[in-house]
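K.L.:
below: sequence and its predicted model.
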Amino acid sequence: MTQIFEVENIKCGGCMNTIRKGLEQMPGVSSAQPENEHGTVTVDFDESKVAPDAISLKLADMGYPLVGENNFGKKAKSYVSCMIGRVTAE
């Protein structure tokens, strides 16, 4: 299944790297393609192994909540994830 998630706080390539790596580590997720310009993440996953809600929760946990669910704590977490993503970029 493919689903597009509209998220907050994607600022750069570091953010996109963090999102991609974080989601692709989840069992059942085969690929994750963040899009900085549109604030979306396209995820290919096996819905018998992972639910869309679990993907949304993982995104929020990394600091990239769904549109409308942002707060100061999630913004701060996204900045940390962004920096980690920049350091660990391939």
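P.N.:
Done, it's in. Every value quoted in this text rests on a predicted model; they were computed, and no experiment measured them.

K.L.:
my read: residue 27 touches residue 45, true?
P.N.:
No: Residue 27 is beyond contact range of residue 45, at 9.5 Å (criterion: C-beta atoms under 8 Å). All C-beta atoms are positioned from the backbone trio N, CA, C, and that covers glycine.

K.L.:
who has more neighbours out of these two?
P.N.:
residue 45 (23 against 9; other C-beta atoms under 10 Å).

K.L.:
so what pLDDT did that one get?
P.N.:
Here, the pLDDT recorded for residue 45 equals 98.

K.L.:
could you report the distance from it to residue 74?
P.N.:
Between residue 45 and residue 74 the computed distance is 22 Å (C-beta to C-beta, to the nearest Å).

K.L.:
do residue 67 as well
P.N.:
12 Å.

K.L.:
and the lowest-mean-pLDDT helix or strand in the chain, what does it pack against?
P.N.:
When each helix and strand of the chain is scored by mean pLDDT, DSSP states H and E, helix 72-87 comes last, with a mean of 71. When contacts are defined as 3 or more C-beta pairs under 8 Å, 6 or more residues apart in numbering; DSSP states H and E, helix 72-87 sits against helix 13-24, helix 52-62.

K.L.:
which parts of the longest one are buried?
P.N.:
Counting neighbours by 16 or more other C-beta atoms under 10 Å, one finds that the buried residues in helix 13-24 are 14, 15, 16, 17, 18, 19, 20, 21, 22, 23.

K.L.:
that helix vs helix 52-62, what angle?
P.N.:
140 degrees (axes from the mean of the first three to the mean of the last three C-alpha atoms, to 10 degrees).

K.L.:
and the next element down the chain from helix 13-24?
P.N.:
strand 29-35 (DSSP states H and E).

K.L.:
average model confidence for that next one?
P.N.:
98.

K.L.:
who does it pair up with?
P.N.:
Note on strand 29-35: by DSSP bridges, its sheet partners are strand 40-45 (antiparallel).
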